[in-house]
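Novice: Attaching a predicted model along with its sequence, questions to come.
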Amino acid sequence: MTHISCQGVTVKFGGIIACSELALSVAEGKIYGLIGPNGAGKTTLFNVLSRFQNCDSGSVYFRGDCIDCKRPHDMVRLGISRTFQNINLFSAQSTLENILVGAHRLAGNPFANMFALPSARKNQRMLLARAHEVAELLRLENHLEVPVRNLPYGHQKRVELARALASEPEVILLDEPVAGCNSQEVEELKDFVRVINKELGITVLLVEHDMSMVMEICDYIYVINFGANLAEGTPAEIRKNPKVIAAYLGEEE
Amino acid sequence: MSESRRLGVRGPLPGVPQSGTASVRDAERKRAAIASLQAGFRRQNIFLVASLFLTAALAPALPFVEDWMSMQASLVIIYILAAQGVSILTGQTGLVTVGHGGFLAIGAYTSALLAKYFAVDLSLSIVAGAVMAGLIGCLLGLIFLRLAGAFMAIGTLGFAFFIGTIVNNVPIFEGRDGIQMPHSRIFGMLLGDTGFYYVALAVLALTTAFVYILLRSPVGRAFRALRDSEKAAESSGVNRLFYRTLAFTTSAALTGIAGVLNANITGYVSAETYGDIWYSVDFLVATVVGGSSALMGPFVGGAFIVMVPFYLEQLADFAFILKGVVLILVLQFAPAGVCDVIAKPFRDLRRKQLQRIQDDVEKTSPPALAALFSRGRQ
Amino acid sequence: MFGQQVVSGLAAGSLYALTAVAVVVVFRNTRTINLAQGDIGMIGAFLALLFIKHWQMNYYAAMALAVVACMALGVLIERTVMRRIANADWLTLFTATLGVFYILHGVAGWVWGRDTKAFPVPFDPTPVEILGTVVSFGHLTNMVWAAVIGLLLFMFFRYTKQGIAMRAVTDDPETARLMGIPVPSIVTLTWAMAGFLAAFAGILIAPIVYVSPQMMDEILIKGYVAAVFGGLYSIPGAILGALMIGVAENLAGGYLGSQFKTATAFVLIVALLAIRPQGLLGVQTRRVI
């Protein structure tokens, strides 16, 4: 039932301890949240989980298997996708192209692709269809040919999400999916995340500052502060937790 | 996604509002219209390129075309081939190379040595040159795996000089004395200037088709992803080591082929021509001026680089000056290359055509995708 | 023999260092890899030769005038070519300097021809004996020149207003701008400095490699290799790298044969970048988002 988890994660940057013996465990098919004040180590932990960052001690597990040795590009093959906090799209390329890159895992043998073998051509048609469907799910079908840097910020966030979805992941790691969005965009993204989880059965772990989003859609929340676990529980429990309240001290909505 | 497939979904999904099939059919019709329009664009592109090649093939038959033009045209083709190699690495994958003269040399010397010692047919030479250059390109890609940007440029520059030093000093390459090549034969037939031109043209047609397929394939997409954002590319599953090395290999192989042809057309290889940086910088200039990520970029750039010194033959130094001035002007006023400028009106026209269809599409509710994600969830 | 090779290596290295430092300074301040660095010096060497041979000028006067001319050339390049594309990506900047490289080669070839010309030295070229090794006087003077220039640079960066401003621009152009430092003038100053260093590099090495449009091509790449030793960022690193290249190639040439001399720098660069992509003393960036 545990989909992705980590234990004893410690990360040091020079003299600064970003993460200290962090542990978390995400159950399959649920939406989990990771919150904490600024500088608590959330993004670092996220990078460790998605293997963009090595930890000085501790391990990351996927379905119980240790994935410490995996490189970032291996994660997609396992079924783990991630988005970036400051969207990391291919800005001059179109929405469709961005999503197609996301589906790279499904692209098949590169040599077959390079020489346009019949199997490859069939594969590419399938790839295109899939990209279209993901775009439709996130209501981007009208913007497929637009260079993403011309899109409004909220749409760009959706393209980032679409790209992560394109590879048919089991787990999606969302790094501050609504950062910088206005309230309408936040509502839309909340809906999309819910649909992704409920209709497609994808496990979600999200890092967020926006409390309305976290409290509303998460099934379970981890709170970290100063790089260490502070608390965990359902949204209701977290809301009442005195340690959490103290840590935020007025940041909570 | 056709209606029949939708019917395969098990009943209405909770949370997804039921959408009327009419609006979905509408959306599908629009999507089909867009797809066919784009297929039309692609056909136009292919038609244009094919016409270009056809014209080039028929050109020798025209009355005002003289024999010596074949040799000049062959040189242009050689530079186009080399620039195609550079554009795969620099334009598509974002790895700047100022060292492709090294791969040209590898191809040229492979061909020269094979011809001199084994009297090898040109067709085999081309393959051998591509393989040799490709192998060394692969090796270089691995060595330079962690390089980016300016360091990559300097590293490749060092590589070119390194190859130059080898051909200058290792005895088998005969240094500045050079190697005389016997007359080129392809499939046994002796080649004159015009014959060679047709061979070069045929090779260019093949490589252009290859590059076209490559760029539109997921491999090309992976290259461009690495170029635009390595982090994002890797997080999408693009294996940096594999695709970088692949880019280096194909890029080097193409320029290696150009090297084989260059050796055969001049009939002579020596460290004097292959031992310095001029080829390397010329290829980079050709790529940048033409447009580093356009399919036709190398064509424009290659023609430019060859024709300038040709027309200014007696004033070779002016050729240098002119190349420099044009390069700077292009960078200041048309940094995406000449092809970009030429193609802009067509791109805008096509975009308008697409927009006309897009505007009519009304929003549809999220369709049921679950059944289509083959990981077996409901 | 060993001592001799080391000394001539250090002498050669000190001249490479002039180019290497210029490459680093220009790169730090403008993100530009200046491919024309060597050629500005080449023009300087040609001009000095002109002044000495045709205008009958004294060596030092000719040198001074040539240095001024090169500084002006650097400023000219910055104004006409680089300023307009100042905010472009580094490939555009680099290719623009490539254009300048072509132009300077063409101009030199057109005005003075492509053959090599000898360059006079202002002193008696008989070797001198120092600490038991025989050293050419030319080597000595080159090292002294390079050391003096190095000292001048050091004092410039540490004690003058412009030098300090330049360092600020290197570290953080935005903040520098906000603090009232006129960044465009710093850029102009940077290119003037590049011209200054190029002139000395060209004139001092001219007697050894002879004057021709292509005289600085190989030296340029060695200057790059040295600059990369410092991660394209550290001046001491670049100087150290240049000295190492000079010594290494002389030793290789002396003990392995002259054909290995030129290859040394390129082997070094490929090996270095393979092992330590950010340069020997470069900034190590950790792989973090």
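Specialist: Thanks, I have the structure now.
Novice: Please make it C-alpha for all contacts and neighbour counts, starting now.
Specialist: Will do.
Novice: Now for B:Thr55, how many residues are close by?
Specialist: 11 (other CA atoms under 10 Å in any protein chain shown).
Novice: Now that we're looking at it, what pLDDT does it have?
Specialist: On pLDDT, B:Thr55 comes in at 90.
Novice: Which strands or helices does the helix or strand hosting it pack on?
Specialist: Using DSSP states H and E, B:Thr55 falls within helix B:21-58. Contacts defined by 3 or more CA pairs under 8 Å, 6 or more residues apart in numbering or on different chains; DSSP states H and E place helix B:21-58 against helix B:193-216, helix B:338-358.
Novice: is any part of the last one close to chain C?
Specialist: Read that as helix B:338-358. No - using CA under 8 Å from any CA of the partner chain, helix B:338-358 stays clear of chain C, with a minimum separation of 14.2 Å.
Novice: Just the angle for that helix relative to helix B:21-58, thanks.
Specialist: With axes from the mean of the first three to the mean of the last three CA atoms, to 10 degrees as the basis, helix B:338-358 and helix B:21-58 are set at 150 degrees to each other.
Novice: Tally up the residues packed near the residue of the stretch 151-253 of chain A found nearest chain C, please.
Specialist: Minimum separation of the stretch 151-253 of chain A from chain C (CA to the nearest CA) falls at A:Asp175, amounting to 11.4 Å. For A:Asp175, the neighbour count with other CA under 10 Å is 22.
Novice: can I assume it is in contact with A:Phe46?
Specialist: Yes - at 7.5 Å, A:Asp175 counts as touching A:Phe46 under the criterion of CA atoms under 8 Å.
Novice: Next, show the common contact partners of the two.
Specialist: Contact criterion CA atoms under 8 Å, 6 or more residues apart in numbering or on different chains; residues shared by A:Asp175 and A:Phe46: A:Val207.
Novice: pLDDT (mean, whole number) over the helix or strand harbouring A:Val76?
Specialist: Under the criterion of DSSP H and E, A:Val76 resides in helix A:72-78. Average pLDDT, helix A:72-78: 92.
Novice: how far is it from where the chain is centred?
Specialist: For helix A:72-78, the separation from the chain centroid amounts to 13 Å (computed by CA atoms, centre = their mean, to the nearest Å).
Novice: try stretch C:68-77
Specialist: 15 Å.
Novice: close to chain B, is it?
Specialist: No - using CA under 8 Å from any CA, stretch C:68-77 stays clear of chain B, coming no nearer than 11.1 Å.
Novice: List the buried residues for that stretch?
Specialist: C:Val68, C:Ala69, C:Cys70, C:Met71, C:Ala72, C:Leu73, C:Gly74, C:Val75, C:Ile77 (16 or more other CA atoms under 10 Å in any protein chain shown).
Novice: Give me the local confidence score for the last one.
Specialist: So that's C:Ile77. Reported pLDDT for C:Ile77: 96.
Novice: Near chain C, which residues of chain A? Just list them.
Specialist: A:Asn47, A:Phe52, A:Gln53.
Novice: Could you find the closest non-adjacent residue to the closest residue to chain A within the stretch 51-200 of chain B?
Specialist: The stretch 51-200 of chain B approaches chain A most closely through B:Gln92 (12.3 Å), counting by CA to the nearest CA. Nearest residue to B:Gln92, sequence neighbours excluded (CA to CA, 6 or more residues apart in numbering or on different chains): B:Arg224, at 5.2 Å.
Novice: how about the helices in chain C?
Specialist: Taking DSSP state H, the helices of chain C run over residues C:2-30, C:37-53, C:59-77, C:90-112, C:137-159, C:161-171, C:173-178, C:183-209, C:217-229, C:235-256, C:259-275.
Novice: no wait, the stretch 201-350 of chain B
Specialist: B:218-228, B:230-235, B:240-266, B:271-274, B:278-290, B:297-311, B:316-333, B:338-358 (DSSP state H, counting those that start in this stretch).
Novice: Save these as JSON lines, and put in mean pLDDT too.
Specialist: Compiled in JSON lines, the helices of the stretch 201-350 of chain B are given as follows (pLDDT from 0 to 100):
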{"stretch": "helix B:218-228", "mean pLDDT": "94"}
{"stretch": "helix B:230-235", "mean pLDDT": "93"}
{"stretch": "helix B:240-266", "mean pLDDT": "95"}
{"stretch": "helix B:271-274", "mean pLDDT": "87"}
{"stretch": "helix B:278-290", "mean pLDDT": "92"}
{"stretch": "helix B:297-311", "mean pLDDT": "88"}
{"stretch": "helix B:316-333", "mean pLDDT": "90"}
{"stretch": "helix B:338-358", "mean pLDDT": "84"}
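Novice: I'd like those as CSV, with mean neighbour count appended.
Specialist: Output for those, formatted as CSV (neighbours: other CA atoms under 10 Å in any protein chain shown):
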stretch, mean neighbour count
helix B:218-228, 25
helix B:230-235, 24
helix B:240-266, 26
helix B:271-274, 20
helix B:278-290, 27
helix B:297-311, 21
helix B:316-333, 21
helix B:338-358, 14
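Novice: so who does C:Leu220 touch?
Specialist: C:Tyr16, C:Thr19, C:Leu35, C:Gln37, C:Gly38.
Novice: For the residues you listed, pick the one with the most neighbours.
Specialist: C:Thr19 (33 neighbours).
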